[in-house]
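> The sequence and its predicted three-dimensional model are supplied below.
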Amino acid sequence: MSKAPPKKNDAVDLLDADHIAVKKLFQEFNKLAEAKAAVPDRQALADRICRELSVHAQIEEEIFYPALRAAVHEDLLLDEATVEHATAKDLIAQIESMQADEACFDAKVIVLGEYIDHHVKEEREQLFEKARKSKMDLAALKEQLAARKEELMAQMETAA
């Protein structure tokens with residue numbers, strides 16, 4: 001039996017930890033939607049999902065993608081990831097403008113989850129692999145990503 005590779009505790013690990021955390025939130029939302037759980041519960045969870053995804057996309061776009069673009073020159077892959085972010089942000093904006101008791105609210109959150117699954121799969125299989133094989137300083141990049149994420153989360157909590 002082979003062991004899982006050791007965690008490198010770098011930028012890729014930080015971003016993938018976000019992916020795993022938001023996947024769990026989507027799974028929890030799906031259960032609430034199927035159970036027709038109370039509106040405030042679904043609303044609060046959807047708000048959290050949107051906040052987490054918005055911050056994650058922003059740190060990738062501001063820090064990770066430009067660094068990766070400079071290191072590996074994979075313009076098409078990174079352009080595709082950026083377009084996927086734009087589409088996700090559009091759906092997030094729609095969800096944020098709605099109440100959980102409105103028609104299609106649950107469906108939009110579920111579709112966002114499916115869309116994010118697709119995006120994460122491509123990041124893991126393509127972008128993250130290329131980042132790990134590059135000469136990028138992923139440890140230093142992790143520190144930048146973590147600091148910016150903390151800053152953005154604090155801003156969002158203050159605004160809420």
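Good, I have the coordinates.

> Could you give the average pLDDT over stretch 80-98?
Regarding stretch 80-98, the rounded mean pLDDT is 97.

> Hmm, I typed the wrong one, I wanted stretch 61-69.
96.

> So what would you say the end-to-end distance of that stretch is?
One end of stretch 61-69 to the other measures 11 Å (CA to CA, to the nearest Å).

> Any stretches of this protein with poor pLDDT?
1-8, 160 (pLDDT under 70).

> what ranges do the helices span in it?
Ranges of helices within the chain are 11-34, 39-59, 65-72, 75-96, 105-122, 128-133, 138-159, based on DSSP state H.

> what packs against the third one?
Right, the one you point to is helix 65-72. Judged by 3 or more CB pairs under 8 Å, 6 or more residues apart in numbering; DSSP states H and E, the packing partners of helix 65-72 are helix 75-96, helix 128-133. Backbone N, C-alpha and C define where each C-beta goes, glycine included.

> any chance of the helices of the chain in JSON lines, with mean neighbour count too?
Formatted as JSON lines, the helices of the chain follow (neighbours: other CB atoms under 10 Å):
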{"stretch": "helix 11-34", "mean neighbour count": "16"}
{"stretch": "helix 39-59", "mean neighbour count": "18"}
{"stretch": "helix 65-72", "mean neighbour count": "17"}
{"stretch": "helix 75-96", "mean neighbour count": "15"}
{"stretch": "helix 105-122", "mean neighbour count": "16"}
{"stretch": "helix 128-133", "mean neighbour count": "16"}
{"stretch": "helix 138-159", "mean neighbour count": "14"}
